[in-house]
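S.K.: Sharing a model prediction with you, sequence too.
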Amino acid sequence: MTARPFRPNSPAALQRWLIIKKGSAMRYPVSFLVLAALAAPSLSSPHIAKMAPPMVGGYSDAPADASARKAAQFALPRLKRGKARIRSLDRVERQVVAGTNYRIEMTLTDGSHWKVVVWQRLDGRYQLTRSERIAAAVSQANYVVSGRVTYRERMALPAGSVVKVQLLDVSRADAPAIMLASQRIVTHGEQVPIAFTLTIPRNRLPGPSRNSVSARIETASGQLLWITDTISTAEPDGHGNRIEMGDLVLVRAR
């Protein structure tokens, strides 16, 4: 009959086992250390449970979608900025670990700029693993166009609705508009106003009278619910790379 190996399942069990085996362990120190090392990882250790997730892949650029905004909103109160809210997500990167890491650069309504790393565990819980205040993210090559999509009626937005925002070149009257940048946001119970961020190279942005930011909200199946009915142009103010659009007010589709 083959003897079954002993596997301690608690610190107390391991201690009793070590006392019993003390004599043989002293005669065979190498074997003792190997056995102890093999047994130790199976124990429930608070220190091990709090270790950071293993890094299994590099960061890659990601959209400022609902999941990224949720991670940013988790980090916001932990920055201790009082009543400041998130004005825009300037850059989002994602890394698959034991869950997902979100590395986010964002601007708050008090004018401060932050870089945070939020770990979303496999069970869905969040943990802020890093936060630092950074200088304004001024890129001489790009404009960052940000704002919010909303409507006046007191109607709940169905879960799974899709918000689509586009920056269009409308300079040619006799030709279809050219899409310069876009963002697609899938909602998961969020309600208006919903923030958006578009990035466009400076040399591709037409003059103020020749561009338009439009938005629409559709159901998950593609039915149009809300749409912009006015022209909203992205107008640089000459100070930095940010263009703040404010609220884009949508009207109900007929």
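M.R.: Alright, I've got the coordinates.

S.K.: so what pLDDT did Ala220 get?
M.R.: pLDDT, Ala220: 93.

S.K.: my bad, should have said Asp229
M.R.: 94.

S.K.: Kindly report the same for Val145.
M.R.: Reading off the model, Val145 has pLDDT 90.

S.K.: ok, now how distant is it from Asn241?
M.R.: 10 Å (C-beta to C-beta, to the nearest Å). No exception for glycine: its C-beta is placed from N, CA and C like everyone else's.

S.K.: ok, the two, which is more surrounded?
M.R.: Val145 (26 against 18; other C-beta atoms under 10 Å).

S.K.: From the rest of the structure, what touches the host helix or strand of the more buried one?
M.R.: Assessed by DSSP states H and E, Val145 sits inside strand 142-151. Strand 142-151 is contacted by residues 87-88, 90, 107, 137, 163, 165, 167, 181, 192-202, 205, 213, 215, 217, 226, 234, 236, 241-252 when judged by C-beta atoms under 8 Å, 6 or more residues apart in numbering.

S.K.: Out of the residues you listed, which end up buried?
M.R.: 87-88, 90, 107, 137, 163, 165, 167, 181, 192, 194-200, 205, 213, 215, 217, 226, 234, 241-243, 245, 248-250 (16 or more other C-beta atoms under 10 Å).

S.K.: need the contact list for the residue nearest the centre of the chain.
M.R.: Central residue check for the chain by C-alpha atoms, centre = their mean: the C-alpha nearest the mean position is that of Ala68, 2.1 Å away. Contacts for Ala68 (C-beta under 8 Å, 6+ apart) come out as 62, 89, 92, 94, 102, 104.

S.K.: Going along the chain, name the helices of the stretch 51-200 of the chain.
M.R.: Applying DSSP state H, counting those that start in this stretch to the stretch 51-200 of the chain gives helices spanning 66-75.

S.K.: pLDDT-wise, which helix or strand of the protein ranks last?
M.R.: helix 46-49 (a mean of 36; mean pLDDT, DSSP states H and E).

S.K.: Contacts only, for Arg172.
M.R.: Arg172 touches nothing, counting by C-beta under 8 Å, 6+ apart.

S.K.: Just read off the phi/psi values of it.
M.R.: Torsion angles at Arg172 (phi, psi; degrees, to the nearest 10) stand at phi -100, psi 110.

S.K.: show me where pLDDT drops low in the stretch 1-150 of the chain?
M.R.: Scanning the stretch 1-150 of the chain for pLDDT under 70 picks out 1-57, 136-141.
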